[in-house]
Every structure is written in structure tokens, then in C-alpha cells.
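Novice: Let me see the structure of the following:
(one chain, ligands or ions: 1)
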Amino acid sequence: MKIQIINGPNLNLLGIREKSIYGDSSFESYFATLQQRYPEHELSYFQSNKEGELIDKLHEVGFDYDGIIINAGAYTHTSIAIADAIAGINTPVVEVHISNVYKRETFRHKSMLAANCVGVIAGFGLNSYRLAVEHLTEK
Ligand code: DQA
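Specialist: Numbers count the residues shown, from 1 in each chain. Next up is the predicted model:
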């Protein structure tokens, strides 16, 4: 299966940024372990700090990939444009968060994207991504 992981703003700083919340591993090193774990699947990774680039990637892969895993970072809580992009494509999208957003500030409790996604996985650290891969690839 072809699965695209999309990370939004500030997630390029994983391993450096607020380690007590997001851990001390970079996404690149975690992604390498994920690829090793699922050699039978084609996993791709894209990160951008720009809303429009996230939307362009959703459009690019959203009609022929088998699944998309998105952590839109803070855009999760604000972006009607990303929500519309998810609604407009055919590929199922799983929303993920590293932290348990429901334990944090109330502005993080609302997701603009969730209603257009298959489901939401939050609070399992980087394992949230693996759980999303498990869902998308389960037989
Ligand atoms: C996050 C949670 C968001 O509220 C925050 O803005 C992020 C990361 C997470 O993975 O826990 O950038 O999406």
C-alpha cells in the first residue's frame, strides 16, 4: 500500500522542540524505523510549515494513494482550508497527534479536520503514527 505521512508546522523541530511534550527523537529517525517495520508498504514523508504546501500535498497524493496520515500541528485547530482539502480528496485520512491534546490548553481540544478524517489518534507519542499505519494497512 502507498501511505503518505504529512507533518505540519514546527514538526521539523521534533527532538529539539519542547522535549517534555514531544520527546527527543527527530521525525526522520522515527520514520526510518517505521519504514523498516513495514517493508511491504511504501511509506512517504512530507513536512511543511506552510498551509498551502500541506494542501498541495493532499491534492497531489489524495487521488491515488491508499492512505494519508496527517499531523497538521497547530493548523489542526484553525484551518478550514486543510479541512476542505481533506473533504475534497478520495484517499482516507487519519489525523494524528503526538501529545494528548485533550490534556492540554482548551484551544487544542477543537480539531477543524477531525470530522473529515476516518479517525483521530492522539497522545501515544510517535507511536500515534504507527497506530495509524496499523489501521490503514490492516487486512
Ligand atoms: C500536535 C498538537 C498541536 O496542538 C500542536 O500545535 C502541535 C503538535 C501534536 O502532535 O501533539 O504542533 O499536533
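Novice: from here on, contacts and neighbour counts on C-alpha atoms
Specialist: OK.
Novice: how about Leu11, what does it touch?
Specialist: Phe27, Gln47, Gly73 (CA atoms under 8 Å, 6 or more residues apart in numbering).
Novice: For the ligand, state which of those residues is nearest.
Specialist: Among the contacts of Leu11, Gly73 lies closest to the ligand (CA to the nearest ligand atom), at 3.4 Å.
Novice: Would you mind measuring from that closest one to Ile3?
Specialist: For Gly73, the distance to Ile3 equals 19 Å [CA to CA, to the nearest Å].
Novice: Pick out whichever of these two has more residues nearby.
Specialist: Using other CA atoms under 10 Å as the criterion, Gly73 and Ile3 rank with Ile3 on top: 23 against 18.
Novice: pLDDT value on that one, please?
Specialist: Predicted confidence (pLDDT) at Ile3: the value is 98.
Novice: Paired strands for the helix or strand containing it, with orientation please.
Specialist: Under the criterion of DSSP states H and E, Ile3 resides in strand 2-7. According to DSSP bridges, strand 2-7 has the following sheet partners: strand 42-47 (parallel), strand 67-71 (parallel).
Novice: Could you say which of these is packed most deeply?
Specialist: strand 67-71 (a mean of 26; mean count of other CA atoms under 10 Å).
Novice: Just the mean pLDDT for it, thanks.
Specialist: Mean per-residue pLDDT for strand 67-71: 98.
Novice: Which parts of this structure are helices?
Specialist: 19-22, 27-37, 51-61, 80-88, 127-137 (DSSP state H).
Novice: quick one: the least confident helix or strand in the chain by mean pLDDT near the ligand?
Specialist: Lowest on mean pLDDT, DSSP states H and E among the helices and strands of the chain sits helix 19-22, with a mean of 93. No - counting by CA under 6 Å from any ligand atom, the ligand has no neighbours in helix 19-22; the shortest distance is 7.0 Å.
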